[in-house]
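Asker: Sequence first, then the predicted structure, then my questions.
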Amino acid sequence: MNQDRTSLLNEHVTNMAAVERHILEALDFQAESEEMARYPEALRVVEEARLVLQRHVGALEAYAESTAEGDLLDAAKEALTGALGFAAGVYDRLRQRDQVSRMVRDDFTALNLATISYHMLHTTALGVRNEQLADLTIRHLKELTPIVVELSRVVCRVVARELAEQGDAVDPTVAEEAVRRTHEAWQGENVQAAATSGGGRQGRASRSASTSGGARKGSAARQGGAAKKASGKGAGSKGGSKGGAAKKGGAKKGGAAKKGGASKGGAKKGAAKSRR
C-alpha cells in the first residue's frame, strides 16, 4: 500500500477509535450512576457495550500504531477538534444525570454514530483493497448491531416503568406491546424495501408501469374486441333486415301472383257459363 493510502486509513482509523473512546467514557459514567443501577436490564446492556467498545478501541489503536504513519495521539487530537465535534456533543449529553430512558436513548444515538462510521470505514478499506482493515471493521460492526437492537427494546420497558413510577395508570403489558410494534418497523417488507433503496423503488415503479401499461393495453384490446362484436352484430342485424325484407317482398309477390291466378281462373269460369 502506498504512503497516501496508509495516511488516509490511519486518519480514519484514529477518528473511529476516538469516537468509540468518547462513547466508552460516557458509558463508564452511566454504569456508576445511581439512576442506572435501579434498572438492571438497562445496566446489563450498558456493561456489555462497555466491554465491546474497550476491545474495539484497543484493536483500532493497535492497527493504527502498526502502520507506517501510526501517530495515533496527534491524529486523535485533530480529530476531536474537527470531525468528532458531533461525537463530543453526544458525549456531553451522555454524561448528564437524567432519566434512564433518556440515557438509553442517547446511548442508542451514540452507538448508531459508531455503526454508521464503521460503514464508512469499511467501504474505505474495501476501496483501497485493505482486507485486514475491512475484516476488522465488519467484525466490529457485527458486535455493535445486536447492542443497538437490544437498546431499542430496553428503552420501551424503561419508559413504561418510569411512567408507572410517576403514578400514571399504565397497563403493565404495554412495554412488550411497544417492543413488538416498534420492531415490526425494522423487519419484513419494511426493511427489505429500504435495503433495496433506489433499485427497489425503480423495480416497483417499473413493475407498476408495466402492470399499468398492460392493463391499458388489455383494456384497449377488450374495447376493440367489443367494438368488433358490436360491429358484427350490427352487420348481422342489417343482413337480417335485408333478408327479412326480401322474404316479405317474396311473400307479397307470391300473394299477388296467387291473387292474379285466382282472378284469371274466375274470369275463365264466367266466360264458360256465358257460352252455355
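Answerer: Cool, got the structure. Numbers count the residues shown, from 1 in each chain.
Asker: so where's the protein shaky on pLDDT?
Answerer: Applying pLDDT under 70 to the chain picks out residues 1-3, 68-97, 194-276.
Asker: which parts of stretch 180-191 are buried?
Answerer: By 16 or more other Cβ atoms under 10 Å, stretch 180-191 has no buried positions at all. Glycine gets a C-beta too; all of them are placed from N, C-alpha and C.
Asker: That one spans what distance, first to last residue?
Answerer: 15 Å (Cα to Cα, to the nearest Å).
Asker: neighbouring contacts of that stretch?
Answerer: 149, 152, 153, 156 (Cβ atoms under 8 Å, 6 or more residues apart in numbering).
Asker: Skipping its backbone neighbours, what lies nearest residue 158 in space?
Answerer: residue 101 (4.6 Å; Cβ to Cβ, 6 or more residues apart in numbering).
Asker: From residue 47, how far off is the one you found?
Answerer: 18 Å (Cβ to Cβ, to the nearest Å).
Asker: out of those two, which sits in the busier spot?
Answerer: Neighbours were counted for residue 101 and for residue 47 using other Cβ atoms under 10 Å; residue 101 has more, 20 against 14.
Asker: Helix or strand: which one has the more buried one?
Answerer: Per DSSP states H and E, residue 101 falls inside helix 100-127.
Asker: same check, this time on residue 138
Answerer: helix 131-165.
Asker: Which secondary structure elements does that helix sit against?
Answerer: helix 3-31, helix 40-66, helix 100-127, helix 174-184 (3 or more Cβ pairs under 8 Å, 6 or more residues apart in numbering; DSSP states H and E).
Asker: In TSV, list these along with distance to residue 162.
Answerer: Shown next, in TSV, are the helices and strands packed on helix 131-165 (distance: least, Cβ to Cβ, whole Å):
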stretch	distance to residue 162
helix 3-31	16
helix 40-66	11
helix 100-127	6
helix 174-184	11
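Asker: And these: which comes nearest residue 141?
Answerer: Nearest to residue 141 among the helices and strands packed on helix 131-165 is helix 100-127 (4.2 Å), distances taken as Cβ to Cβ.
Asker: Quick check: buried residues in that closest one?
Answerer: Across helix 100-127, burial judged by 16+ other Cβ under 10 Å covers 100-108, 110-111, 113-114, 117-118, 121-122, 124-125.
Asker: same question, stretch 21-36
Answerer: Within stretch 21-36, the residues that count as buried by 16+ other Cβ under 10 Å are 21, 22, 23, 24, 26, 27, 29, 30, 33, 36.
Asker: got those as a markdown table, with distance to residue 66 columns?
Answerer: Shown next, in a markdown table, are the buried residues of stretch 21-36 (distance: Cβ to Cβ, whole Å):
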| residue | distance to residue 66 |
| --- | --- |
| 21 | 18 |
| 22 | 23 |
| 23 | 24 |
| 24 | 21 |
| 26 | 28 |
| 27 | 27 |
| 29 | 31 |
| 30 | 32 |
| 33 | 37 |
| 36 | 36 |
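Asker: and of those residues, the nearest to residue 57?
Answerer: residue 21 (5.2 Å).
Asker: Excluding sequence neighbours, find me the nearest residue to the closest one.
Answerer: Residue 21's closest residue in space is residue 57 (Cβ to Cβ, 6+ apart), at 5.2 Å.
Asker: Surely that neighbour is in contact with residue 25?
Answerer: No. Residue 57 lies out of contact with residue 25 (Cβ atoms under 8 Å); the separation is 10.2 Å.
Asker: give me the number of residues near residue 130?
Answerer: 19.
Asker: I figured it was touching residue 9, is that so?
Answerer: Yes. If you go by Cβ under 8 Å, residue 130 and residue 9 touch, sitting 6.3 Å apart.
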